[in-house]
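Undergrad: Let's see this in three dimensions:
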Amino acid sequence: MYNMHTMTKTTDGIQSLERGLDVLGLLAARGAMNSMAIAAELGIHQSSASRLLKSLRAAGLVRKPTFQSFAVGYGVLHLAGIAMESFPIVPASVKVCSDLRTNTGCGAAAGTLWEDRIIYFSRVLCNPDTAPVFVERSDFPIKKSALGLLLLYRQELENSDDIRSGRRALTAKESKMIAGSLDKHGILYVENIHTNHFAAAIEFEVDNLPSALVIHSQTLCLPPSETAKILGDARKELLSLCPNHI
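TA: As a prediction, this is how the structure comes out:
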C-alpha cells in the first residue's frame, strides 16, 4: 500500500490534508489512475477518494486526462516553480556539477537521502552532450552509490536506530572501508563500485540536511589526492552560491 504520510492525526482537517497529499504522491509516482484504483491503493472508500479528487481538481492540483482517469495537475507544476526559489541549492548544484564534468571529464551529482531513496539536487553524466538533470528521486540502490554510502555512514554515526536496524544498515566491512577512506583522504574514495571505475564523495549540509557531492567515471580513475582537492574546491563553491541556506 502506498503511503506518503503516516495517518496518525485525529483531526479531520489534518487527515484530509494528509490524504490529499497521499493522492498527489500516488499520482506523481504512478501516473494517471481512476478513483477506484486510488482508493484501493490508499485503503480508503471510493467515495472518500472521489471527494479528495474533486477538491484537488478544484484547486488545480489534479486534472482529468481522460473521462475516468486522474493525473497530477499543472497547478503542481506552478507550485513547484514557486517553491524552487526557496531551494538555491538546486541551481547551485547544476552549476557546480556541470563545471566538474567540464573540468574533469567525470560525471557528477549532489544530493541527499530521503526515506529509502537518493534525492538528487542535480546530476550530470560523463557525456558532455547530455543536459544536467535536476531534482530527481532516484531508484538507484543506495549502497551502490558513493553518495549513498557516505550519507548512510553519517546517519549511523548519529545513532539513527531506524537506519542501524533497517535493510539499509551498513555492514561492518562497509563501515570500516568508509571510515578508513575518510581518515586517509578526507573523502570517500572507492574504486570499482557498481559500473564505475571509481567514485568519490564529500559531505556538506544544506538547511541542516546532511548531503553529499560526488564525482564518478566508468573510464577515468583520478588519484585520491587530486580528487579530494577537486571535491573540496567544488564544495567551497557550492556553499558560496547559497550561503543563507547552509
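Undergrad: For the rest of this, base every contact and every neighbour count on C-alpha atoms.
TA: Fine.
Undergrad: Tell me where this structure has strands.
TA: All strands of the chain, identified by DSSP state E, fall at 33-34, 62-63, 69-72, 107-114, 117-124, 133-138, 188-193, 196-206, 209-217.
Undergrad: Ranked by average pLDDT, which of those strands falls at the bottom?
TA: The minimum mean pLDDT among the strands of the chain belongs to strand 133-138 (a mean of 80).
Undergrad: Which strands and helices lie in contact with that one?
TA: On a contact count with 3 or more C-alpha pairs under 8 Å, 6 or more residues apart in numbering; DSSP states H and E, strand 133-138 meets helix 89-104, strand 117-124.
Undergrad: orientation of the longest one relative to strand 117-124 in degrees?
TA: Yep, that's helix 89-104 we're talking about. 50 degrees (axes from the mean of the first three to the mean of the last three C-alpha atoms, to 10 degrees).
Undergrad: List the buried residues for helix 89-104?
TA: 89-98, 100-101, 104 (16 or more other C-alpha atoms under 10 Å).
Undergrad: now what about that helix, what contacts it?
TA: Contact with helix 89-104 is made by 84, 106-110, 121-126, 128, 132-135, 206, 215, 234, 237-238, 241-242, 245, as judged by C-alpha atoms under 8 Å, 6 or more residues apart in numbering.
Undergrad: likewise stretch 196-211?
TA: 89, 110-113, 146-147, 150-151, 154, 186-193, 212-222, 227, 231-232, 235, 245-246.
Undergrad: Now list the buried members of the residues you listed.
TA: 89, 110-113, 146-147, 150-151, 154, 186-191, 193, 212-218, 221-222, 227, 231-232, 235.
Undergrad: who touches the most centrally placed residue in the chain in this structure?
TA: For the chain, I119 is the residue whose C-alpha lies nearest the centre (C-alpha atoms, centre = their mean; 0.5 Å). Neighbour list for I119: 111-113, 135-138 [criterion: C-alpha under 8 Å, 6+ apart].
Undergrad: just curious, which of these is nearest to N34?
TA: N34 lies nearest to R137 out of the contacts of I119, by C-alpha to C-alpha, at 24.1 Å.
Undergrad: Please tell me the pLDDT value assigned to P65.
TA: Looking at P65, its pLDDT reads 94.
Undergrad: so how far is A37 from it?
TA: P65 sits 16 Å away from A37, going by C-alpha to C-alpha, to the nearest Å.
Undergrad: between the strands of the chain, which gets nearest to L24?
TA: L24 lies closest to strand 69-72 among those, at 6.5 Å (C-alpha to C-alpha).
Undergrad: Just list what that closest one packs against, helices and strands only.
TA: Applying 3+ C-alpha pairs under 8 Å, 6+ apart, we find strand 69-72 packed against helix 12-30, strand 33-34, strand 62-63.
Undergrad: May I see those organised as CSV, with distance to S50 and mean neighbour count added?
TA: Shown next, in CSV, are these (distance: least, C-alpha to C-alpha, whole Å; neighbours: other C-alpha atoms under 10 Å):
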stretch, distance to S50, mean neighbour count
helix 12-30, 11, 16
strand 33-34, 10, 18
strand 62-63, 12, 22
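Undergrad: JSON lines for these, including distance to A80?
TA: Formatted as JSON lines, the helices and strands packed on strand 69-72 follow (distance: least, C-alpha to C-alpha, whole Å):
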{"stretch": "helix 12-30", "distance to A80": "13"}
{"stretch": "strand 33-34", "distance to A80": "22"}
{"stretch": "strand 62-63", "distance to A80": "14"}
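Undergrad: and of these, who's closest to H45?
TA: Across those, H45 has its closest neighbour in helix 12-30 (11.9 Å, C-alpha to C-alpha).
Undergrad: which strands and helices sit next to the closest one?
TA: Applying 3+ C-alpha pairs under 8 Å, 6+ apart, we find helix 12-30 packed against helix 35-42, helix 46-58, strand 69-72.
Undergrad: Looking at the ones you listed, spot the one closest to T171.
TA: Nearest of the helices and strands packed on helix 12-30 to T171, taken as C-alpha to C-alpha: helix 35-42 at 34.1 Å.
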